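# Sequence and predicted structure below; questions after.
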Amino acid sequence: MLSYWKLHKLPILLVLGNILLYAVFSFGLQREDFLNLLLLFSLLFLSYAKTMALGQQNFNFLLGAGILCRLVFLCATPNLSQDFYRFIWDGQLINQGINPYLYTPNEIMGNALFHSSNSAVLHEGMGSLSAKHYSNYPPLNQIIFAISTFLGGGSVFGSIVVMRLFILGADIGTLYFGGKLLGHLGRSPKEIFWYFLNPLVIIELTGNLHFEGVMLFFFVWAMYLVSLGKWKWAAPVYALSILLKLVPILFLPLFLRHFGIKRSVFFYLGIGLTALVFLLPFYSAEFFDNYGKSIGLWFSNFEFNASLYNLIKIIGIDFFDAKPWLLVKSYGKIVPMATIAIALGLTFFRKNQNLPILLGSMLALLSSYYIFSSTVHPWYIIFLIVLGVFTTYRFAMVWSAMAVLSYFAYSHPDFRENLWLLALEYLVVFGYLLYELLKNHNTLQHFRKKFNLD
């Protein structure tokens, strides 16, 4: 034991320091306190980089470190997001036989059909914006909400603990299948720890109960099955990732070149049939209309931590006297069309038969979508982190460190973003992305040789 301490003293101290920082983060921080939030994030990312550098050869040590850091949050109330109140609300509705897609919380509040001792707490906690809209969480997500509230005894605390255990288990699953996928790609399985120990991943998934982590587990599992040629088994697993979060739908066209037309048809059919099984219990005449309205809001009403959109907004308002509320609606109509165009380009002009190229195409497509999008919450970036682990690009890890600057908006009474901080965030991220693009295409090496800089 003493010899182990002597050999691993610094990594152990770093992990203990991380646990302390996460404890302060989970129990002693309010999201309005931006300076302390920034300080804690900065220290955690510095420690993360150092831990990876020192402990990259010890799989069990890094696994234990990641689990311990997550367990710190087990009994804490999420402090950077209030979405969990809506999760519990939807779960309680399902447990009482009420379809969460048919009523907004405002419509059902006080209704005799819904009996809950904490309905007032949940209704107030989710916020007025969520309370007036239909649920936008896919069916499998809803089922997890229902299981969590049932096992949690209907209490807020119990439901939070069960949801955290779902997300913790999913992260361990992502570690397992991600390591296997990396090995199949000829890479070190330990590179998956760049995801597993990332502070944004730990804070936003385990800490703030965002179910991107469970979606990523099914996505990585499906891609591992694809790498083995087991595409028939991959189809239903991939469908489960879509049934948690809709984002993997973006990548469906890319499989056309990877599988070929015949296999792709059966792959899509397998996904469709699996989705149908989970959709049927929630289906009603109003389902698609209500769900479509909620999803459409993300394209046409909301704006947060945007890059390209903020630039267009400044130009539109300052030079063309555009109205912000009209601009976001018009812009929101363009984003899906631009994303589809990029998806088609990557489908037909990239050699996606090769799995590493397919994963690179996914990274390019999702990155493009986020660059165009008017809403990029920090936890959205986590999908890019996972895809980046399977490619040679690391800009998403830089982005995960810079995304904390977007939380300045919560420190302002009327939720106002600081465009200078967002400009700094995206200058660093796009600057590093440009560097990687030049490096990976040997442009920098060619430049150095041409000007004798080597």
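Received the coordinates, thanks.

# where are the low-confidence patches of the stretch 151-300 of the chain?
Where the stretch 151-300 of the chain drops to pLDDT under 70, the residues are 297-300.

# so how far is the helix or strand that contains Phe217 from its chain's centroid?
Following DSSP states H and E, one finds Phe217 within helix 212-227. Distance of helix 212-227 from the chain centroid (CA atoms, centre = their mean, to the nearest Å) equals 13 Å.

# After that helix, heading C-terminal, what element do we hit next?
Heading C-terminal from helix 212-227 (DSSP H and E), you reach helix 231-242.

# Please export the C-alpha coordinates of the helix or strand just after that following helix as PDB.
Proceeding N to C from helix 231-242, the next assigned helix or strand is helix 255-259, under DSSP H and E. Only the C-alpha atoms of helix 255-259 are listed here, as PDB (Å, rounded to 0.1, in the frame of the first residue of the first chain):
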ATOM      1  CA  PHE A 255     -25.000   5.100 -43.500                       C
ATOM      2  CA  LEU A 256     -26.200   4.900 -47.100                       C
ATOM      3  CA  ARG A 257     -22.600   4.800 -48.500                       C
ATOM      4  CA  HIS A 258     -21.300   2.700 -45.500                       C
ATOM      5  CA  PHE A 259     -23.800  -0.200 -45.900                       C
END
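
# Which elements pack onto helix 255-259?
Under the contact definition 3 or more CB pairs under 8 Å, 6 or more residues apart in numbering; DSSP states H and E, helix 255-259 sits against helix 261-279, helix 324-349, helix 355-372. For every residue, glycine as well, the C-beta is placed using N, CA and C.

# Among these, which comes closest to Gly179?
With CB to CB as the measure, helix 355-372 is the member of the helices and strands packed on helix 255-259 nearest Gly179 (15.2 Å).

# Quick one: list the elements packing against the helix or strand following the closest one.
On the C-terminal side of helix 355-372, the nearest following helix or strand under DSSP H and E is helix 381-389. The contact analysis (3+ CB pairs under 8 Å, 6+ apart) places helix 381-389 against helix 156-184, helix 193-196, helix 199-201, helix 212-227, helix 355-372, helix 395-402.

# So for stretch 303-310, mean pLDDT?
Throughout stretch 303-310, pLDDT has a mean value of 91.

# still on that earlier bit, looking at the helices and strands packed on helix 381-389, which is closest to Tyr101?
Of all these, helix 212-227 comes closest under CB to CB, at 18.9 Å.

# Run the angle between that closest one and helix 355-372 for me.
Following axes from the mean of the first three to the mean of the last three CA atoms, to 10 degrees, one obtains 150 degrees for the angle between helix 212-227 and helix 355-372.

# In CSV, could you pull the C-alpha coordinates for helix 212-227?
Output of helix 212-227 as CSV, limited to C-alpha atoms (Å, rounded to 0.1, in the frame of the first residue of the first chain):
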residue,chain,number,x,y,z
GLU,A,212,-27.4,12.8,-23.5
GLY,A,213,-25.2,10.3,-21.6
VAL,A,214,-27.8,7.5,-21.9
MET,A,215,-28.3,8.4,-25.6
LEU,A,216,-24.5,8.2,-26.2
PHE,A,217,-24.3,4.8,-24.5
PHE,A,218,-26.7,3.4,-27.1
PHE,A,219,-25.0,5.3,-29.9
VAL,A,220,-21.5,4.1,-29.1
TRP,A,221,-22.8,0.5,-28.6
ALA,A,222,-24.5,0.7,-32.0
MET,A,223,-21.3,2.0,-33.7
TYR,A,224,-19.3,-0.8,-32.0
LEU,A,225,-21.8,-3.4,-33.5
VAL,A,226,-21.4,-1.6,-36.9
SER,A,227,-17.6,-2.0,-36.6
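
# quick one: contacts of it?
For helix 212-227, contacts defined as CB atoms under 8 Å, 6 or more residues apart in numbering pick out 141, 144, 166-167, 170-171, 173-174, 177-178, 180-181, 184-185, 201, 204-206, 231, 233-235, 237-238, 240-241, 244-245, 247-248, 258, 355, 359, 379-380, 382-383, 386, 390.

# got the buried residues for the helix or strand containing Ile67?
Under the criterion of DSSP H and E, Ile67 resides in helix 59-71. By 16 or more other CB atoms under 10 Å, the buried positions in helix 59-71 come out as Phe61, Leu62, Leu63, Ala65, Gly66, Cys69, Arg70.

# got the angle for it vs helix 156-184?
Interaxial angle, helix 59-71 versus helix 156-184 (the same axes, to 10 degrees): 150 degrees.

# Show the subsequent helix or strand relative to helix 59-71.
Taking DSSP H and E, what comes next after helix 59-71 is helix 83-95.

# and the next element down the chain from that next one?
Heading C-terminal from helix 83-95 (DSSP H and E), you reach helix 105-108.

# helices or strands next to that following helix in the packing?
So helix 105-108, by 3+ CB pairs under 8 Å, 6+ apart, packs with helix 83-95, helix 119-126, helix 128-131.

# Any chance you could list what contacts the second one?
If I follow you right, that is helix 119-126. Gln82, Asp83, Tyr85, Arg86, Ile88, Trp89, Gln92, Pro105, Met109, Ser116, Ala131, Val156.

# make it 7 Å
Residues outside helix 119-126 that contact it (CB atoms under 7 Å, 6 or more residues apart in numbering) are Gln82, Tyr85, Arg86, Ile88, Trp89, Pro105, Met109, Ala131, Val156.

# how close does the most centrally placed residue in the chain get to Leu63?
Closest to where the C-alpha atoms of the chain average out (CA atoms, centre = their mean) is Tyr380, at 3.6 Å. Tyr380 sits at a distance of 26 Å from Leu63 (criterion: CB to CB, to the nearest Å).

# what's the answer for His441, then?
From His441 to Leu63 the distance is 35 Å (CB to CB).

# repeat for Phe255
Counting by CB to CB - Phe255 and Leu63 are separated by 32 Å.

# One more: Leu43?
For Leu43 relative to Leu63 (CB to CB), the value is 22 Å.

# Also Ser374?
Applying CB to CB, the value for Ser374 to Leu63 is 38 Å.

# And Ala396, by the same measure?
In terms of CB to CB, Ala396 sits 22 Å off from Leu63.

# what does Lys262 give?
Distance from Lys262 to Leu63, by CB to CB: 41 Å.

# and if you look at Pro105?
Taken as CB to CB, the span from Pro105 to Leu63 is 40 Å.

# now do Glu107
Look at Glu107 and Leu63: by CB to CB, they are 46 Å apart.
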